[in-house]
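Asks: okay, predicted coordinates and the sequence, questions at the end:
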Amino acid sequence: MIPFQICLFEFLTGVPPFCDETIDLIFKNVLNQNIDWPTGDEELSPHAVHCIKSMLSHDPSTRPDLEALKNFELFMVGMLEPCHYYYENF
């Protein structure tokens with residue numbers, strides 16, 4: 001799930017989650033789960049942060065499976081709600 005978490009973070013923010021200047025620093029960021037979470041106007045919703053953090057566990061047995069992910073509020077209402085509004089009004 002970590003590759004999906006990385007893609008989701010980058011999709012929502014426009015930058016990779018563990019971005020840094022060298023490969024060694026990126027690797028340390030991954031191991032330490034050091035992410036520069038956006039703030040202010042670019043801050044992610046609590047639903048998005050919860051979803052991404054849940055997939056970061058180093059222990060695969062504690063990460064959500066696909067069925068659990070489908071039920072995360074992020075995918076139920078978090079970022080999809082505005083899309084439904086636009087599609088219904090076209």
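Replies: All right, it came through fine.

Asks: how about the helix or strand harbouring Ile26: buried residues?
Replies: The secondary structure element spanning Ile26 is helix 23-32 (assigned by DSSP states H and E). Within helix 23-32, the residues that qualify as buried by neighbour count (16 or more other CB atoms under 10 Å) are 26, 29-30. Where you see a C-beta, it was placed from the backbone N, CA and C, and this is true even at glycine.

Asks: now tell me which helix or strand of the chain has the poorest mean pLDDT.
Replies: Averaged element by element with mean pLDDT, DSSP states H and E, the chain has its least confident helix or strand at helix 81-88 (a mean of 49).

Asks: now tabulate the buried residues of helix 23-32 in a markdown table and tack on pLDDT and distance to Cys7.
Replies: Rendered in a markdown table, the data for the buried residues of helix 23-32 read as follows (pLDDT from 0 to 100; distance: CB to CB, whole Å):
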| residue | pLDDT | distance to Cys7 |
| --- | --- | --- |
| Ile26 | 91 | 16 |
| Asn29 | 91 | 17 |
| Val30 | 88 | 15 |
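
Asks: closest one to Glu42 out of those, please.
Replies: Nearest to Glu42, judged by CB to CB, of the buried residues of helix 23-32 is Asn29 at 19.0 Å.

Asks: separation between Asp20 and Val30?
Replies: As for Asp20, its distance to Val30 is 10 Å (criterion: CB to CB, to the nearest Å).

Asks: give the rounded mean pLDDT of stretch 70-78.
Replies: If you average the pLDDT over stretch 70-78, you get 79.

Asks: show me the contact partners of it.
Replies: Stretch 70-78 is contacted from outside by 45, 47-48, 50-51, 54, 64, 69, using CB atoms under 8 Å, 6 or more residues apart in numbering.

Asks: nearest to Thr13, of these?
Replies: Thr13 has its nearest neighbour among the contacts of stretch 70-78 in Ala48, at 9.3 Å by CB to CB.

Asks: which other helices and strands does the host helix or strand of the closest one contact?
Replies: Assigned by DSSP H and E, Ala48 falls within helix 46-54. For helix 46-54, the helices and strands in contact under the criterion 3 or more CB pairs under 8 Å, 6 or more residues apart in numbering; DSSP states H and E are helix 2-13.
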